[in-house]
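Colleague: Turn this into a structure:
(one chain, ligands or ions: 2)
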Amino acid sequence: IKRQTVDGIRKMKVAGERIPMLTVYDYPSALIAERAGIPMLLVGDSAGMVVHGYDTTLPMTVDDMILHAKMVTRASRSALVVVDLPFMSYATVPDAISSARRVMQEGGGQAIKLEGGQEILPMVHRLTAMGVPVMGHLGLTPQAQHQIGLKVQAREASAARQLLDDALALEQAGAFAIVLEVVPAPLAEVITKRLSIPVIGIGAGPHCDGEVQVWHDILGLYDNKTPRHAKRFAEIGAAIEKTVREYAEDVRAGAFPTSAQSASMPLDTLNEVLK
Ligand code: KIV
Ligand code: NA
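Modeller: Numbering: from 1, shown residues only. Ligands and ions are numbered 1, 2, ... in the order given. Model (predicted):
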């Protein structure tokens with residue numbers, strides 16, 4: 001199997017082929033995504049919320065991201081694996097170099113993702129110059145949530161203009177693709193048309209080049225945590241709960257395990273033991 005490349009992802013945009021991207025955080029999820037043919041996987045720092053149970057993504061560290069990247073890359077053979085650099089791990093160019101080096105050498109993966117616009121251009125420039133494919137992330141950037149909130153971004157003309165400028169600047173700096181999170185659909189459409197690199201939306205309307213969603217959101221793993229931009233394609237949380245209940249009931253009732261799940265022993269061997 002040949003692995004997907006950043007060039008392959010760029011060519012999907014040129015060919016008008018839409019790009020499905022999905023977060024994965026561990027070996028089993030990456031194995032399933034791989035079998036389902038997802039071309040680009042994200043080891044997102046959203047792991048902080050959906051896997052670790054934090055309220056935000058901010059507590060995630062480079063070591064945490066390395067651990068998730070290791071689990072994912074043990075399963076992934078054909079997808080392009082993008083790994084998030086976590087909060088404050090790329091505040092300066094030397095920080096970005098050190099974090100990207102650790103994530104890619106110790107964790108694996110083929111690309112990294114950084115949140116932000118103008119302020120991260122030197123880091124994007126330096127990393128791409130060193131051969132590290134960088135994905136940008138604009139709009140609702142959760143690492144900045146204490147400053148920008150969790151609302152729709154770039155609704156006013158000046159902020160929308162800034163977002164477009166940031167997107168163009170990221171492309172110029174060498175980003176191979178960008179994520180646009182929770183921005184007005186018409187603005188995302190304009191940016192998608194103006195950029196030659198793929199624009200991957202999440203809560204950014206139907207006209208981006210692709211979409212990224214969080215594993216737990218599309219699978220319906222949580223009762224109470226589905227964001228507005230997500231769609232529950234299944235109710236796997238409920239299915240798991242039902243299965244676990246059935247297991248517990250069978251153990252309580254003595255219906256499981258049975259001889260089918262057990263090893264036997266010849267009676268004379270047992271008698272010898274009891275002698
Ligand atoms: O961490 C994440 O899951 C992300 C996506 C929402 C783009 O950054
Ligand atoms: Na993220």
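Colleague: who in the stretch 1-150 of the chain is up against ligand 1?
Modeller: Counting by C-beta under 6 Å from any ligand atom, the residues of the stretch 1-150 of the chain close to ligand 1 are 23, 42, 44-46, 84. C-betas here are computed from N, CA, C, even on glycine.
Colleague: Contact distance from ligand 2 - what residues of this structure qualify?
Modeller: For the chain, the residues in contact with ligand 2 (C-beta under 5 Å from the ion) are 44-45, 84.
Colleague: among those, which are in strands?
Modeller: residue 84 (DSSP state E).
Colleague: Test my guess that residue 135 contacts residue 113.
Modeller: Yes. If you go by C-beta atoms under 8 Å, residue 135 and residue 113 touch, sitting 4.1 Å apart.
Colleague: what is in contact with these two at once?
Modeller: Residues touching both residue 135 and residue 113 by C-beta atoms under 8 Å, 6 or more residues apart in numbering: 82, 179.
Colleague: Just give the nearest non-adjacent residue to the closest residue to ligand 1 within the stretch 51-200 of the chain, would you?
Modeller: In the stretch 51-200 of the chain, the residue that lies nearest ligand 1 is residue 179 (4.6 Å; C-beta to the nearest ligand atom). Excluding the flanking residues, the one nearest residue 179 by C-beta to C-beta, 6 or more residues apart in numbering is residue 137, at 4.4 Å.
Colleague: Would you mind measuring from that neighbour to residue 116?
Modeller: 7 Å (C-beta to C-beta, to the nearest Å).
Colleague: where does the residue in the stretch 1-150 of the chain positioned nearest to ligand 1 land on pLDDT?
Modeller: The nearest approach of the stretch 1-150 of the chain to ligand 1 comes at residue 44, 2.4 Å away (C-beta to the nearest ligand atom). As predicted, residue 44 sits at a pLDDT of 99.
Colleague: same thing with the one 3 residues further on?
Modeller: Residue 47 is assigned a pLDDT of 98 by the prediction.
Colleague: And for the residue nearest to it when sequence neighbours are not counted, the neighbour number?
Modeller: Once flanking residues are discounted, residue 47 sits nearest to residue 25: 4.6 Å by C-beta to C-beta, 6+ apart. Taking other C-beta atoms under 10 Å as the criterion, the count of residues near residue 25 is 25.
Colleague: check contacts around residue 25.
Modeller: 43-44, 47, 50-51, 68, 71-72, 215.
Colleague: Could you confirm it falls within a helix?
Modeller: No. Residue 25 sits outside any helix when classified using DSSP: H, G, I helix; E, B strand; the rest coil, being coil.
Colleague: Where does the spatially closest residue to residue 249 that is not a sequence neighbour sit: helix, strand or coil?
Modeller: Computed as C-beta to C-beta, 6+ apart, the closest residue to residue 249 that is not its neighbour in sequence is residue 255, at 7.7 Å. Three-state assignment for residue 255 (three-state DSSP): coil.
Colleague: The residue of the stretch 1-150 of the chain closest to ligand 1 and residue 216 touch, don't they?
Modeller: No. In this structure, residue 44 is not within contact of residue 216 by C-beta under 8 Å, at 10.7 Å.
Colleague: The two: which is more packed in?
Modeller: residue 44 (29 against 23).
Colleague: Can you list phi and psi of residue 42 for me?
Modeller: When read as degrees, to the nearest 10, the backbone of residue 42 gives phi -120, psi 120.
Colleague: In contact with it, which residues are there?
Modeller: 21-24, 82-84, 113, 212.
Colleague: Now those residues in TSV, please, with extra columns for pLDDT and neighbour count.
Modeller: Below are those laid out as TSV (pLDDT from 0 to 100; neighbours: other C-beta atoms under 10 Å):
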residue	pLDDT	neighbour count
21	99	26
22	99	24
23	98	27
24	98	27
82	99	28
83	99	29
84	99	29
113	99	24
212	98	25
